[in-house]
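Participant: pasting the sequence and the predicted coordinates here, then a few questions.
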Amino acid sequence: MTAFLIIVALASIILSLLFFWVKTILEIADADFADATYKILWILFVFFMPVVGVCCWYVFGRQTSWETRREYI
């Protein structure tokens, strides 16, 4: 029984990470960059280093501020 719970917990963690990984790649693809090279570099960085890349994108890469997001609402 405990082995089953461990497998379920690990599966849910893996699915969560996969969700955020795909969400981040789609967010990068939708983002506006001054140069397309930055978009390609971000996508490659997130693709080849998923955990570090996702964390770096949400800390350093997001360019849209809260004020510009309000314009879309």
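Facilitator: Yep, it's here.

Participant: off-centre distance for the host helix or strand of L10?
Facilitator: Taking DSSP states H and E as the definition, one finds L10 inside helix 2-30. Taking Cα atoms, centre = their mean, to the nearest Å, the mean C-alpha location of helix 2-30 is offset from the chain mean by 11 Å.

Participant: so the helix or strand immediately after that helix in the chain versus helix 2-30, what angle?
Facilitator: Using DSSP H and E, the helix or strand that follows helix 2-30 in sequence is helix 36-48. Relative orientation of helix 36-48 and helix 2-30, computed by axes from the mean of the first three to the mean of the last three Cα atoms, to 10 degrees: 170 degrees.

Participant: on that earlier part again, buried residues of the helix holding L10, list them for me.
Facilitator: F20, W21, T24, I25, E27, I28 (16 or more other Cβ atoms under 10 Å). C-beta: built from backbone N, CA, C; applies to glycine.

Participant: just want the most central residue of the chain.
Facilitator: Compute the mean C-alpha point of the chain, and by Cα atoms, centre = their mean the closest residue is T24, 2.5 Å away.

Participant: residues in contact with the nearest residue to it once chain neighbours are set aside?
Facilitator: Using Cβ to Cβ, 6 or more residues apart in numbering and skipping the chain neighbours, the partner closest in space to T24 is V54 (4.8 Å). By Cβ atoms under 8 Å, 6 or more residues apart in numbering, the contact set of V54 is F20, W21, T24, V46.
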